[in-house]
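> Build me a structure from this.
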Amino acid sequence: MDVPDNLIGRRKSRIEASESVSAAKAACKALSDELSATKSDPARAERSANEAALSVVIEEAGRISPRLDAAKREAWQLAYQLRGLSELWLPTGLDQAPRPIRLAQRGIGLQDAELIVQIGTEVEGGYLVLVKDYQEVERQVKEFLARCRLVVGKRLIVADGQIVTAYHASRKHHRRLLRNAHESDLCE
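Here you go, the predicted structure:
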C-alpha cells in the first residue's frame, strides 16, 4: 500500500516539530536549573564568606585578648595605686612621725603635686609656684610650640639609630609614608 507523499511530508514535519519541542523543553529545563543554581550560589558564597570571616575574627580575638586582659589588669592596678597615692603617708610635723597628707581633700591631685615640684620655687619646707614660675614655663612652652611648627612637613631618615639625612617631604610623600606606616601597623 502506497502512502501519499503529502502524508509522509506531514508526518516528517510533525516529527521535526516534536523534536524541536523536546529540544526547547530540555533547553528550558537546563536554563531553569542554571537559574536555581545561580540563585543559591550567592547565598552559599555569603555563608562561606561569613564562616571564613568568623574564623579570622576568632583568631584575631585570640591574639588580642591576652593583651587586653593584661591592659585591663594594669589599669585596675594603676587605679588602686592612684587611690592609695591620694592619701600619702609622709613624715610631717615636729616629731617627723608619718601621718596622712590628703591631697585630694585639698583639691590637689598627685600630678599637680609633681608639677609643683617641677616648676615651683623651693622655699623653706617645700615648694611654692609663683607667677614668675608660671610665666617662665609659659614662655618655654610657646618657644617649644614655635619650634614644633617649624618642623612640620620635615622628614628625618634614621638607620641603625643614626641620622642619615633630612628633607622637606611633599604632600605626595606624606600620603605614601602614612599609608605604608598604616599598612605595616595593620600587618603587625
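> For the rest of this, base every contact and every neighbour count on C-alpha atoms.
Noted.
> Tell me how this structure divides into domains.
Listed domain ranges for the chain are 1-83, 86-119 (source: automatic domain parsing).
> and the host helix or strand of Ser36, what other elements does it pack with?
Applying DSSP states H and E as the criterion places Ser36 in helix 5-85. Using 3 or more C-alpha pairs under 8 Å, 6 or more residues apart in numbering; DSSP states H and E as the contact test, no helix or strand touches helix 5-85.
> Report the mean confidence score over that helix.
Helix 5-85 shows an average pLDDT of 79 in the prediction.
> same thing with stretch 138-156?
Here the average pLDDT along stretch 138-156 is 91.
> Using CSV, write out every CA atom in it.
Extracted C-alpha coordinates of stretch 138-156, given in CSV (Å, rounded to 0.1, in the frame of the first residue of the first chain):
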residue,chain,number,x,y,z
GLU,A,138,54.6,79.5,79.6
ARG,A,139,57.4,81.2,77.7
GLN,A,140,59.2,77.8,77.3
VAL,A,141,56.1,76.1,76.1
LYS,A,142,55.5,78.8,73.5
GLU,A,143,59.1,78.5,72.3
PHE,A,144,58.6,74.7,72.0
LEU,A,145,55.4,75.1,70.0
ALA,A,146,57.1,77.6,67.7
ARG,A,147,59.9,75.1,67.1
CYS,A,148,57.3,72.3,66.5
ARG,A,149,55.5,74.5,63.9
LEU,A,150,58.8,74.9,62.0
VAL,A,151,59.5,71.2,61.7
VAL,A,152,56.0,70.3,60.3
GLY,A,153,56.5,68.6,56.9
LYS,A,154,60.1,67.7,57.5
ARG,A,155,61.3,64.1,57.2
LEU,A,156,64.2,62.6,59.1
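> I am finished for the moment; much appreciated.
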